[in-house]
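Visitor: A predicted structure for the sequence below; I have some questions about it.
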Amino acid sequence: MPGRRPAVRLLVRSPARRTAEPDPAPRCFSPSLRVVPVASSAPGLPPPGASSELRLPRAEPRPLPHSLLLTLGEVFPCLSPHPPSVPVGLVGLAGAPGALAHRGPPSLSIRSVMQKYLEDRGEVTFEKIFSQKLGYLLFRDFCLKHLEEAKPLVEFYEEIKKYEKLETEEERLARSREVFDTYIMKELLACSHPFSKSATEHVQGHLVKKQVPPDLFQPYIEEICQNLRGDVFQKFIESDKFTRFCQWKNVELNIHLTMNDFSVHRIIGRGGFGEVYGCRKADTGKMARACHRGSLRSRARRGSAHSPPLFILDLMNGGDLHYHLSQHGVFSEADMRFYAAEIILGLEHMHNRFVVYRDLKPANILLDEHGHVRISDLGLACDFSKKKPHASVGTHGYMAPEVLQKGVAYDSSADWFSLGCMLFKLLRG
């Protein structure tokens, strides 16, 4: 058409490299543009190779506004003399978790940001760091390599922890003698024992009677921690090991697992809590179980934006007590003492948090490959911290009388009745 304008396309040309000294303040540039006609079959248009170039005026460089500089300074520390107010790795640009996570040597910027982040939450204390696996390993490595005065304390602490993991009394008796001779008697003879007299008398009194409980050296544990809590811990905070700790905490806060990290296998069970699937971690190959309220298939159809949370738990390969009862008959009294002790520990853990389980039965007690039990299917568990429940729920044959009576409030006592019923079932069939 005679009056039609040629179609054009915009080509962005990068600004020329500057050879002068950089300005003290960051500047932004507007790229130069040129308009080039696109080839067209319409009559009257110039051919593609014709020189018809329109240049737009190039903008002069100008400093960034102060408000924008402060905003960018929260993301890019190099633009601001002050550290950002949030951890660098927590920003997550372009929707990628941990996009700004540090991948090289420990960074002082990450250290300062993460230290402030952890201090605001009360995490930079001796108890918090020493009780974490990562924090303890870095603290131990720092003491063994850089602090001669703390090295004997850490070695003594590790020997006590090895002693506490021993299962038989014979092993504990032999190891306790070694620990006492190496770390207590040797220091007493050298008159350099840094611990209290009461701790020494506590251990000596038990060893004379050949009593070796797992917590035999507990007084020494408390005094070791007290000696490490002061100047030693402050030196650790000022060291490169704490910088490494901050770096790993930054990475830890940016780990976001999704269903793409697992390959889901067949369904392995259903209960009041939902469906349970077998799954495998894609990068490690470790098997686990995925618990979900509802169906993973319906979750995939709806999308995960507003779906209930998905729980990844340990895979229990040992079956449940109901299966072993039906396949192998009743349990021995010795076996039931062991299982009952572990179940009581689980119930006590829930009751201390004001949770009543309400569905204790053999089918809900799972075994792992080592023979230890787990209480599963918390679909009927209820919080009674503010108001006691009165609903009649559970499995007939294991429900307490107060649960069967409608309108009667109850608390954790209902679980103890169910425990007795379950033990009787497993012992007598």
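Guide: Cool, got the structure. Numbers count the residues shown, from 1 in each chain.

Visitor: can you list the domain ranges for the chain.
Guide: If you go by automatic domain parsing, the domain ranges for the chain are 1-63, 126-253, 259-313, 321-428.

Visitor: got JSON lines for those domains, with mean neighbour count too?
Guide: Using the backbone N, CA and C atoms, a C-beta is placed for each residue, glycine as well. Compiled in JSON lines, the domains of the chain are given as follows (neighbours: other Cβ atoms under 10 Å):
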{"stretch": "domain 1-63", "mean neighbour count": "10"}
{"stretch": "domain 126-253", "mean neighbour count": "15"}
{"stretch": "domain 259-313", "mean neighbour count": "14"}
{"stretch": "domain 321-428", "mean neighbour count": "16"}
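
Visitor: Mind putting those into a markdown table with distance to Glu119 and mean pLDDT?
Guide: Listed next are the domains of the chain as a markdown table, based on distance: least, Cβ to Cβ, whole Å; pLDDT from 0 to 100:
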| stretch | distance to Glu119 | mean pLDDT |
| --- | --- | --- |
| domain 1-63 | 30 | 43 |
| domain 126-253 | 10 | 89 |
| domain 259-313 | 30 | 71 |
| domain 321-428 | 28 | 93 |
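
Visitor: Out of those, the one nearest Arg111 is which?
Guide: Across the domains of the chain, Arg111 has its closest neighbour in domain 126-253 (4.5 Å, Cβ to Cβ).

Visitor: what's the straight distance from one end of the closest one to the other?
Guide: Terminal residues of domain 126-253 are spaced 20 Å apart (Cα to Cα, to the nearest Å).

Visitor: what residues does stretch 227-245 touch?
Guide: 106-108, 110-111, 115, 124, 126, 129-130, 134-135, 138-139, 141-143, 146-147, 149-150, 153-154, 194 (Cβ atoms under 8 Å, 6 or more residues apart in numbering).

Visitor: try 7 Å this time
Guide: Here stretch 227-245 makes contact (Cβ atoms under 7 Å, 6 or more residues apart in numbering) with 106, 111, 126, 134-135, 138-139, 141-143, 146-147, 150, 153, 194.

Visitor: Also stretch 321-332?
Guide: Contacts of stretch 321-332 (Cβ under 7 Å, 6+ apart): 362-363, 365, 426-429.

Visitor: Out of those residues, which comes closest to Met350?
Guide: Using Cβ to Cβ, Ile365 comes nearest to Met350 of the contacts of stretch 321-332, at 13.8 Å.

Visitor: Mind putting the domains of the chain into CSV with distance to Asp120?
Guide: CSV is the format used below for the domains of the chain (distance: least, Cβ to Cβ, whole Å):
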stretch, distance to Asp120
domain 1-63, 29
domain 126-253, 13
domain 259-313, 27
domain 321-428, 26
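
Visitor: sorry, back to before: and the contacts of stretch 321-332, which of them are in strands?
Guide: Using DSSP state E to define strands, the subset of those located there is Ile365.

Visitor: now, among the contacts of stretch 321-332, which is nearest to Val264?
Guide: Nearest to Val264 among the contacts of stretch 321-332: Ala363, at 23.4 Å, using Cβ to Cβ.

Visitor: For His351, see how far away the closest one is.
Guide: Distance, Ala363 to His351, by Cβ to Cβ, to the nearest Å: 21 Å.

Visitor: ok, so of the contacts of stretch 321-332, who is nearest Cys225?
Guide: The closest of the contacts of stretch 321-332, once distances to Cys225 are taken by Cβ to Cβ, is Ile365, at 36.5 Å.

Visitor: Could you double-check that the closest one lies in contact with Met316?
Guide: No - contact between Ile365 and Met316 fails when scored by Cβ atoms under 7 Å: they sit 9.8 Å apart.

Visitor: thinking again about what came up before, and of the contacts of stretch 227-245, the nearest to Ile184?
Guide: Set against Ile184, the nearest of the contacts of stretch 227-245 by Cβ to Cβ is Pro194 (10.8 Å).

Visitor: ok, for that closest one, nearest residue in space, not its chain neighbours?
Guide: The shortest distance from Pro194 to any non-neighbouring residue, by Cβ to Cβ, 6 or more residues apart in numbering, is to Asn227 (6.6 Å).

Visitor: and the one you found, backbone torsions?
Guide: Geometry field for Asn227 lists phi and psi as phi -70, psi -30, criterion degrees, to the nearest 10.

Visitor: From Cys143, how far out is it?
Guide: According to Cβ to Cβ, Asn227 and Cys143 sit 11 Å apart.

Visitor: Check which helices and strands whichever strand or helix holds Asp141 sits against.
Guide: Here Asp141, judged by DSSP states H and E, is contained in helix 133-146. Secondary-structure packing of helix 133-146 (3 or more Cβ pairs under 7 Å, 6 or more residues apart in numbering; DSSP states H and E): helix 126-130, helix 151-164, helix 231-237, helix 240-253.

Visitor: who's in contact with Ser350?
Guide: Slight slip there: residue 350 is Met, not Ser. Contacts of Met350 (Cβ under 7 Å, 6+ apart): Tyr357.

Visitor: ok, then the element right after the helix or strand containing it?
Guide: Taking DSSP H and E as the definition, Met350 sits inside helix 333-351. Under the assignment DSSP H and E, the closest C-terminal helix or strand after helix 333-351 is strand 355-356.
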